[in-house]
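*Asks:* here is my input; please provide its structure:
(2 chains)
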Amino acid sequence: MDLLEVFEDTTDLVAFPAGAVIFTEGEEGNHVYVVMQGELSISLKGKPLATVRPGELVGEMALINSETRSASVTAKTDCQLALIDPAVFQSMLRHVPEFALHVVNVLVERLRIASERARD
Amino acid sequence: MTFLELFRDWEDVVEHGAGTVIFQEGAPADVMCVVLDGEVQLTRQDEPLDREGRGGIIGEMAMIESATFNDTAKAVSKVRLARIDRDQFRRLIAENTEFSLHVMAVLANRLRAVDNYVTTQFGRTT
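*Replies:* Numbering: from 1, shown residues only, chains lettered A, B, ... in the order given. Presented below is the predicted three-dimensional model:
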């Protein structure tokens, strides 16, 4: 599923300059974001975990199991993000099977990458 | 229908005795399992990572083509597992919201555990 295409007409966009903090681990989660332009960096306890690129999701973890933000996210470059409201995100998970499968694939892929790092 | 009710009449169900290694870290990931009964210990490089009981999911890397298992799974007690192949998994996600939300919650929890494991490992070596 191409999220850039799905959200290309959204007006709910927010811009962050390079270095800006999008959210911090331990915070209450509210929105999910799709990177439309630029790159984000995911880190935990100050250690980098992953880079998020255009078309990729970030912030979904806190909404999936109603917990606090699992990691911190900062803008690696100037970036533009599409905001997904929590209710819209939950509704898409329930009513758009392709989106649900996409989110599962995102989580499995992140697990694979995290696990490779654990072995390095 | 609850998550476990989906597997009430599942055909591919296997049982393992306590102590059985269900799969080994690094082996080709060919099947994902839902824990119907009992408890499974997941370890990574001989260190405990997570425990999965009734309703838990193990072997999720099987959902990626040509992937290998990230962890070793060992039965803590006698376990009963429903085996799910990639096509069945995709069909369940598409057809059953309960299943997909449960899978996402399990994966998100596992990812939190692995991320914490990774940062702890980094902490030890740096």
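*Asks:* and the closest residue to A:T68 other than its chain neighbours, how far is that from chain B?
*Replies:* Among residues not flanking A:T68 along the chain, A:G26 sits closest, at 5.1 Å (Cβ to Cβ, 6 or more residues apart in numbering or on different chains). Placement of C-beta: from N, CA and C, glycine included. Taking Cβ to the nearest Cβ, to the nearest Å as the criterion, A:G26 is separated from chain B by 12 Å.
*Asks:* what's next to the helix or strand A:R112 falls within, contact-wise?
*Replies:* Secondary structure from DSSP states H and E places A:R112 in helix A:97-119. Helix A:97-119 is contacted from outside by A:1, A:3, A:6, A:49-50, A:56-57, A:60, A:64, A:92-94, B:44-45, B:60-61, B:63-64, B:67, B:70-71, B:90, B:93-95, B:97, B:100-101, B:103-104, B:107-108, B:110-111, B:114-115, B:117-118, B:121, using Cβ atoms under 8 Å, 6 or more residues apart in numbering or on different chains.
*Asks:* and these, which of them are in strands?
*Replies:* A:L49, A:A50, A:L57, B:R44 (DSSP state E).
*Asks:* got a winner among these for most neighbours?
*Replies:* Tallying neighbours with other Cβ atoms under 10 Å in any protein chain shown puts A:L49 at the head of the ones in strands among the contacts of helix A:97-119, with 23 neighbours.
*Asks:* bridged to the residue nearest to that one when sequence neighbours are not counted, which residues?
*Replies:* Distances taken as Cβ to Cβ, 6+ apart put A:I42 closest to A:L49, at 4.6 Å, once the chain neighbours are dropped. Here A:I42 shows beta-bridge partners A:A50, A:V73, assigned using DSSP bridges.
*Asks:* pull up the gap between A:I42 and A:E27, please.
*Replies:* 14 Å (Cβ to Cβ, to the nearest Å).
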